[in-house]
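Peer 1: predicted model, plus sequence, below.
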Amino acid sequence: MSGPVFDAVERAFAPDSIGRPVQLRGWVLRSRSSGGILFLLLRDRTGTVQVTGKRDVLGTDAFDAAEHVQVEGAVAVEGTVAADPRSPGGREVRASRITVIDAGAPFPIFADQTEEFRLDKRHLAIRSQEHVATFRVKAEMLRAFREFFDRESVLEVTPPVLSGNAAEGGAEAFRFDYFGRPAYLSQTAQLYLEALLFPNERVYALTPSFRAEKSRTSRHLTEYLHLEAELAWTDLEGLLDFIERMVVHVAHALAERRPTELAALGRPPEELRALAAPFPRLRYAEAIDTLSRKGLPVQWGADLGTAEERALTLEAQTPIFVTHFPRELKAFYMLPTSDDRRTVEAADLLAPEGYGEIVGASCRDTDVDRLTARLRETGADPREYDWYLDLRRHGSVPHAGFGLGVERVLRWILRREHIRDTTPFPRTPSRHTP
């Protein structure tokens, strides 16, 4: 398809653009007309710019057609860039021609609608400038993660999302029939990453994960983007050092590359720029004592829920590691602590300001007998994990890994009230469309 070469909207804001002709195309964010002058706010992937058109310049028919373009209607514009301090960004395009591509029907998304309606119309609601900024930050965050792993010589791999094993417990796994056999949507890529670790030593994957939890909270999704890594020759302290270096790198990269979007969404970029390692480390037993002093009735052996994590981090400025959890609270594959077999070499990274867990990490047990016993304790059949136990029979080495919920990290970074605002099409227990 050939035709005229169009400029990006950002071209109108270049230092040398005033007085120069441009050809733009995009969507109308809003419009109004007054006294024979039409004002359009036009957007494309690079930004927004005000377009003005006069009836006596455009012609009556073209002016009338442009005047009836709905919000999110599509137009092409030819005109000249001018300085105007009253316009957004101090520039406008004075149109000599406006061509209507699609006038559009009345746009159904506007202020004061219910959240449920907006979720029903999510395919349209994601055009909002807030969503645009959110998902540009998210894309930048994924790029920064990959940069960090590349710098640390960690290889990206592609494990499956269909599995014959419920890696972390059948109750929270989506089970389905796979040609007459039970199968599951992946809760984690970890078991496969451990297999891929032995030929590659340091591996990571970015895959969707699925949890059949009927949790209706502001931080749970049934489908989310899962960033997971496995590192050979690594103990818990080395793993925590790696994680905090990663989080700091990503925060600094976002502050550098997306300051405008961060500020618009409520996170001053200088706050991310100030984030520094090391992060505080708090043993589970110490966390229980701290919570007790704060008046929360939590006993040793209880899991830390939303209220407890919030109490530990609400006034914090940096993430906090909670380490050495009771073994009964954690998955079968975690390594027992050498000096206290009640606990495992595991840690959760809690985001500050009360946003809760964003990373789960642990050293992996390499003892076949212990792993087999733990599988039986959890009600699993060790025979179904024989391929996983094989990894311990053929050249196993100390290793550790972690899983990170991308949307949870983004929720903290952008101070979003609900995790559904961090993904284009959120999946929750009550919603799987559009």
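Peer 2: Yep, that arrived.

Peer 1: I'd say Thr323 and Leu239 touch.
Peer 2: No: contact criterion C-beta atoms under 8 Å: Thr323 and Leu239 do not qualify, at 10.3 Å. C-beta coordinates here come from the backbone N, C-alpha and C atoms, glycine included.

Peer 1: identify the contacts common to the two.
Peer 2: Residues touching both Thr323 and Leu239 by C-beta atoms under 8 Å, 6 or more residues apart in numbering: Ala347.

Peer 1: partner strands of the strand ranked longest in the chain and their direction?
Peer 2: Ranked by residue count and defined by DSSP state E, the top strand of the chain is strand 21-34. Counting by DSSP bridges, the strands paired with strand 21-34 are strand 37-44 (antiparallel), strand 74-83 (antiparallel).

Peer 1: so which of those strands comes closest to Ala287?
Peer 2: Closest to Ala287 of those is strand 37-44 (C-beta to C-beta; 46.9 Å).

Peer 1: please enumerate the helices of the protein.
Peer 2: Along the chain, counting by DSSP state H, helices occupy 55-58, 60-67, 115-120, 122-125, 129-151, 190-200, 236-257, 259-264, 269-273, 284-293, 306-313, 368-377, 386-393, 406-414.

Peer 1: out of those, deepest packed?
Peer 2: Neighbour counts (mean count of other C-beta atoms under 10 Å) averaged over each of those peak at helix 406-414, with a mean of 23.

Peer 1: figure out how far that helix is from the centre of its chain.
Peer 2: 6 Å (C-alpha atoms, centre = their mean, to the nearest Å).

Peer 1: cool, and stretch 33-52?
Peer 2: Stretch 33-52 sits 32 Å away from the centroid of its parent chain (C-alpha atoms, centre = their mean).

Peer 1: same check on stretch 252-271?
Peer 2: 15 Å.

Peer 1: quick one: end-to-end length of it, please.
Peer 2: For stretch 252-271, the first-to-last residue distance is 9 Å (C-alpha to C-alpha, to the nearest Å).

Peer 1: pLDDT of it, averaged?
Peer 2: In this model, stretch 252-271 has an average pLDDT of 98.

Peer 1: tell me the contacts of Glu130?
Peer 2: Going by C-beta under 8 Å, 6+ apart, Glu130 touches Ala264, Leu265.

Peer 1: per-residue confidence for it?
Peer 2: Reading off the model, Glu130 has pLDDT 96.

Peer 1: same thing with Ala95?
Peer 2: Predicted confidence (pLDDT) at Ala95: the value is 98.

Peer 1: partners of it in the sheet?
Peer 2: Here Ala95, judged by DSSP bridges, has bridge partners Gly79.

Peer 1: what is the neighbour count of it?
Peer 2: Residues lying near Ala95 (other C-beta atoms under 10 Å) number 25.

Peer 1: which among the strands paired with strand 21-34 is found nearest to Pro429?
Peer 2: Evaluated with C-beta to C-beta, the strands paired with strand 21-34 place strand 37-44 nearest to Pro429, the distance being 34.5 Å.

Peer 1: could you pull up the mean pLDDT of the closest one?
Peer 2: Mean predicted lDDT for strand 37-44 stands at 98.

Peer 1: which residues does that strand contact?
Peer 2: Contact partners of strand 37-44, identified using C-beta under 8 Å, 6+ apart, comprise 8-9, 24-33, 48-55, 58, 63, 66-67, 69, 75, 77, 88, 93, 98, 129.

Peer 1: in it, what counts as buried?
Peer 2: Buried residues in strand 37-44, counted by 16 or more other C-beta atoms under 10 Å: Leu38, Leu40, Leu41, Leu42, Arg43, Asp44.

Peer 1: now the residues you listed in CSV, with distance to Leu225?
Peer 2: Output for the buried residues of strand 37-44, formatted as CSV (distance: C-beta to C-beta, whole Å):
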residue, distance to Leu225
Leu38, 42
Leu40, 36
Leu41, 32
Leu42, 32
Arg43, 26
Asp44, 27
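
Peer 1: distance to His418 for the strands paired with strand 21-34 - can I get that in JSON lines?
Peer 2: Shown next, in JSON lines, are the strands paired with strand 21-34 (distance: least, C-beta to C-beta, whole Å):
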{"stretch": "strand 37-44", "distance to His418": "25"}
{"stretch": "strand 74-83", "distance to His418": "31"}
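
Peer 1: which among the helices of the chain is found nearest to Arg175?
Peer 2: helix 190-200 (16.8 Å).

Peer 1: list the contacts of the closest one.
Peer 2: Helix 190-200 has contacts (C-beta under 8 Å, 6+ apart) with 155, 157, 159-160, 163, 165, 167, 203-205, 228-232, 333, 364, 387-388, 391, 395, 397, 399, 401, 403.

Peer 1: swap in stretch 23-36?
Peer 2: So stretch 23-36 is in contact with 4-9, 12, 38-44, 48-49, 51, 54-56, 63, 67, 69-79, 93, 101, 127, 129, going by C-beta under 8 Å, 6+ apart.

Peer 1: how near is Tyr388 to Ser163?
Peer 2: According to C-beta to C-beta, to the nearest Å, Tyr388 stands 11 Å off from Ser163.

Peer 1: ignore what I typed, I meant Val250.
Peer 2: Distance from Val250 to Ser163, counting by C-beta to C-beta: 28 Å.
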